[in-house]
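Colleague: coords please:
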Amino acid sequence: MEKLLQKYYQKLDRIQQNKVRSLLEDIDWSNRFIGIKGARGAGKTTLLFQYIKVKQLNPNQTLYVSLDDLYFTENNLYSLTEQFVNEGGKQLLVDEVHRYPNWSSELKNIYDDFPDLQVVFTGSSLIHIEKARGDLSRRAVIYELHGMSYREYLSFSGFLNFDKVTLEDIINNHVEISRSIIKKIKPLAHFKDYLTYGNYPYFLESKNAYQQKLIETILIALSTDLPPSYNISYASIEKIKQLLYILAESVPFKPNIAKLSERIGVSRNSLLDFLRYLEELRIIKRLYADTKGIGILQKPEKIYLHHPNIAYALAYRDADIGSIRESFFINQVSVHHPIEYSPTGDFRVGKNIFEIGGQSKTKKQIQGEKYAYIVSDNIEIGHKNKIPLWLFGFLY
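Modeller: Predicted structure coming up:
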């Protein structure tokens, strides 16, 4: 345990608390059993340590462990927890739970057997709490750490901190909100940088190496995180990489499942599974005409890359600007709102239709729709039903 404590203190000393994700304040830390899931690289580990520092927990009563540590090849989490509690431990922070066999059952037993201990755990976006053994769904409160919003990117880049806005705020008051922001910063001056390298906090380490690191992160997620979750073979991983290459060159992709499965050399059902895996890893986003009652074998209407950063990293030619705009809109809005494919505009969010485009985008495609809006790139301020694209980056 001493070596684990040494690693914990070393990491704690390296963590800065001047830049924190908004999820840190959104989480109700009074809960005794909290799960945080998210894509690899989103910043889950940093969030755990910032919880200790920002909330001023007693480091001597808190223990951080990562379950991919070699310690757990010969030791189990339950025994470690028992020793920690007997020595006065109050908060146990457990990282990378998806790398540990039977993690859900063991965490359930820890929760039940140590009623005075708070447990906070993190795992891949792949983990399904509702399907986990030990019935964690009734015990754990689960949050997802998404990639950084444009608002968070501006804060982390050393510009001003801005308040979040709601979708209703944007629809009803976008002119006033835009004007208040523009008084303090020129949002379009930094927007392209965000679309290129702003989704994950490791852009702070090196902007030049960001895209290469993003590619490496995606490949590690495919080869390391995916197999234990779905018990798939190395050959299937190679097929998924082939699929991702095709999608990266073609998005927004209106899939012909029969042709695509034939091209890759897998069955229709396997292809649909592969698409689901890529979405759960937060690499792509599937768009359906109706989000209610989506079946596992249902074909999506369109497929997008999860965030524009991925398009810039994976595309072997210039990324399509139309796809970039739509990908950004989906990524920011879908954090709090289901998005559906619309045969008139590009997207439906509740009763609202959104058509995405450039500065000169017209209302032709959404003519006759009552709750329809043009979302335009390259404008600072909108007018009536025309809204700046960048403003949707302030939703979280």
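Colleague: Could you list the low-confidence segments of this structure?
Modeller: The model of the chain has pLDDT under 70 over residues 130-131, 133-134, 293-297, 316.
Colleague: Would you map out the domains in it?
Modeller: 2-144, 154-394 (automatic domain parsing).
Colleague: Thought Tyr150 was touching Cys393, still the case?
Modeller: If you look again at residue 393, you'll see it is Gly, not Cys. Yes: counting by Cβ atoms under 8 Å, Tyr150 is a contact partner of Gly393 at 2.5 Å. For every residue, glycine as well, the C-beta is placed using N, CA and C.
Colleague: Find residues that contact each of the two.
Modeller: Applying Cβ atoms under 8 Å, 6 or more residues apart in numbering, one finds that Gly393 and Tyr150 are jointly contacted by Phe191, Tyr194, Gln332.
Colleague: Save the domains of the chain as a markdown table, and put in mean neighbour count too.
Modeller: Compiled in a markdown table, the domains of the chain are given as follows (neighbours: other Cβ atoms under 10 Å):
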| stretch | mean neighbour count |
| --- | --- |
| domain 2-144 | 17 |
| domain 154-394 | 17 |
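Colleague: SS state for the residue most central in space within the chain?
Modeller: In the chain, the C-alpha closest to the average C-alpha coordinate belongs to His146, at a distance of 3.0 Å (Cα atoms, centre = their mean). Here His146 is recorded as coil under DSSP: H, G, I helix; E, B strand; the rest coil.
Colleague: which residues touch it?
Modeller: When the contact criterion is Cβ under 8 Å, 6+ apart, the partners of His146 are Leu23, Gly38, Ala42, Val335, Tyr396.
Colleague: How about Ser178?
Modeller: Listed by Cβ under 8 Å, 6+ apart, the contact partners of Ser178 are Glu380, Ile381, Gly382, Pro388, Leu391.
Colleague: before we move on, what about Phe159?
Modeller: For Phe159, counting by Cβ under 8 Å, 6+ apart, the contacting residues are Ile185, His190.
Colleague: Show only the entries of the contacts of Ser178 found in strands.
Modeller: With strands identified by DSSP state E, the entries of the contacts of Ser178 that belong to them are Pro388.
Colleague: got a markdown table for the contacts of Ser178, with distance to Glu74 too?
Modeller: What follows is the contacts of Ser178, written out as a markdown table (distance: Cβ to Cβ, whole Å):
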| residue | distance to Glu74 |
| --- | --- |
| Glu380 | 59 |
| Ile381 | 61 |
| Gly382 | 60 |
| Pro388 | 56 |
| Leu391 | 53 |
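Colleague: CSV for the contacts of His146, including secondary structure and distance to Asn60?
Modeller: As requested, those are arranged in CSV below (DSSP: H, G, I helix; E, B strand; the rest coil; distance: Cβ to Cβ, whole Å):
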residue, secondary structure, distance to Asn60
Leu23, helix, 26
Gly38, strand, 28
Ala42, coil, 29
Val335, coil, 36
Tyr396, coil, 34
